[in-house]
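Participant: Here's my sequence, what's the structure:
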Amino acid sequence: MSILLVGTLDTKGAEYLFVRDVLHERGLETLAIDVGVTDTPHFLPDIPRHEVFEAAGTSLATVVRANDRGQAVEAAARGAAKLVVELHRQGKVDGILALGGSAGTTIGTAAMRALPFGVPKLMVSTLASGQVKPYVGVRDILMMYSVVDISGLNRISRTVLTNAANAIAGMVGRAEPRKGPVDDKPLIAATMFGVTTPCVSTAQKQLEAGGYEVLVFHATGTGGMTMEAFINDGLIAGVLDITTTELADEQVGGILSAGKDRLTAAGLRGVPQVISLGALDMVNFGPPDTVPERFRGRRFYQHNPTVTLMRTTPEENDRLGKEIAEKASAARGPTAVLVPLRGVSAIDREGQPFWWPEADQALFQSLKNWIGPQVQLVELDLHINDPAFAQAAADTLLRLISTT
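Facilitator: Numbers count the residues shown, from 1 in each chain. Got it, this is the predicted structure:
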């Protein structure tokens, strides 16, 4: 078992040497990558710093000459990530551990995010008790608060670092393995929101009865990004993308965007996918006083005290329809788009606050206008949460998977 240590072996060398020795006592091998710039490394790394910056497309001399801390950190993060991917490809990474403040955390977690799901990743950081989303992203990174600054060894830091070393040792297999059957059913990814839960829950049961394990991702921005990452990693056999609401937040300016690459991974990898229009009637904001002034006069619904929903307009839905059609049409694998003609969310049906047939029709018509002939477009005279719609979605995905 080999643990990758990624860090500045000049400013944090004593701490890394301490962790390395604890890991060696546990019978684990280590590979140390030095991403420092200034002083001499505290101990000889397995991969020296000049190789890190060469992997980033620059050189150590260039970085030193520039004397720009921000540029040095960015280059070190880029180079470390590239090297880590290659080491993993060679089978030399069973786990990864890093220590640091803001720079070390930036570099260490960049390397961790480059590794696939399931590789143990532990970041001991002075920033771990705060907002860690920029560092964790959509990866299974464990953030551990250092309690004191990582600046020398003392009774506090020794305890924290020993616990960190023991934790990564356990994560890579030095802990007692869990006994029991291994579930190796193929995985299907599905997207869900509260307003599409009945649909996804019904479809999930049907897919599980068909021999699949279903991973349901909450379409809150991070959920969509995580699903796309799982697909990119080759873990997913099929996608039931019922709830594409994150596209509306990205386009209109809501707080739950999953970025411009949402709805692309399955297409790029040729993974069978069923796409629908769940919750495209809404854009998400926080409490009412957080809604931008430019949206004054729009139609709103207070989902709860911390979530304000804004109804999408016919013009916005026209653009969303085109975006979905173009992304679906670019897919390399079998793709179907299912359209629920009686509404796309629990609050988009007759008598509910977001019922706006003209807005929905703009979405549906735009899809028809731009969809490619290779994509199966299925219009159903059903609401998205009708059991028959869920059954049709699950049946369609199972059929698409069977053709690959």
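Participant: so who does the most centrally placed residue in the chain touch?
Facilitator: Closest to where the C-alpha atoms of the chain average out (Cα atoms, centre = their mean) is Thr226, at 2.5 Å. By Cβ atoms under 8 Å, 6 or more residues apart in numbering, Thr226 lies in contact with Val138, Phe217. Bear in mind the C-beta positions are built from the backbone N, C-alpha and C, glycine included.
Participant: which SS state does it fall under?
Facilitator: helix (DSSP: H, G, I helix; E, B strand; the rest coil).
Participant: Show me the strands in the protein, by range?
Facilitator: Along the chain, counting by DSSP state E, strands occupy 2-7, 29-34, 95-100, 121-125, 141-145, 187-192, 213-218, 238-241, 273-275, 282-285, 300-304, 307-311, 335-340, 376-380.
Participant: For these, give me CSV that also has mean neighbour count and distance to Thr62.
Facilitator: Listed next are those as CSV, based on neighbours: other Cβ atoms under 10 Å; distance: least, Cβ to Cβ, whole Å:
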stretch, mean neighbour count, distance to Thr62
strand 2-7, 26, 21
strand 29-34, 22, 17
strand 95-100, 28, 23
strand 121-125, 26, 28
strand 141-145, 18, 30
strand 187-192, 24, 42
strand 213-218, 18, 41
strand 238-241, 28, 43
strand 273-275, 29, 44
strand 282-285, 26, 44
strand 300-304, 14, 51
strand 307-311, 21, 48
strand 335-340, 25, 45
strand 376-380, 16, 52
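Participant: Tell me where the model's unsure across this structure.
Facilitator: 174-183 (pLDDT under 70).
Participant: which residues of it fall in helices?
Facilitator: Here the chain has its helices, by DSSP state H, at 13-25, 49-55, 60-66, 69-89, 102-113, 133-136, 155-169, 197-209, 222-232, 246-252, 265-269, 314-329, 357-370, 387-402.
Participant: Can I get those in CSV including distance to Val6?
Facilitator: As requested, these are exported to CSV (distance: least, Cβ to Cβ, whole Å):
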stretch, distance to Val6
helix 13-25, 9
helix 49-55, 9
helix 60-66, 16
helix 69-89, 5
helix 102-113, 5
helix 133-136, 13
helix 155-169, 12
helix 197-209, 38
helix 222-232, 20
helix 246-252, 32
helix 265-269, 26
helix 314-329, 35
helix 357-370, 45
helix 387-402, 38
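Participant: For Leu215, see how far away Gly321 is.
Facilitator: 27 Å (Cβ to Cβ, to the nearest Å).
Participant: Is the closest residue to Leu99 other than its chain neighbours bridged to anything, and to what?
Facilitator: Closest residue to Leu99 apart from its sequence neighbours, by Cβ to Cβ, 6 or more residues apart in numbering: Val124 at 4.6 Å. Beta-bridge pairing for Val124 (DSSP bridges): Leu99, Met144.
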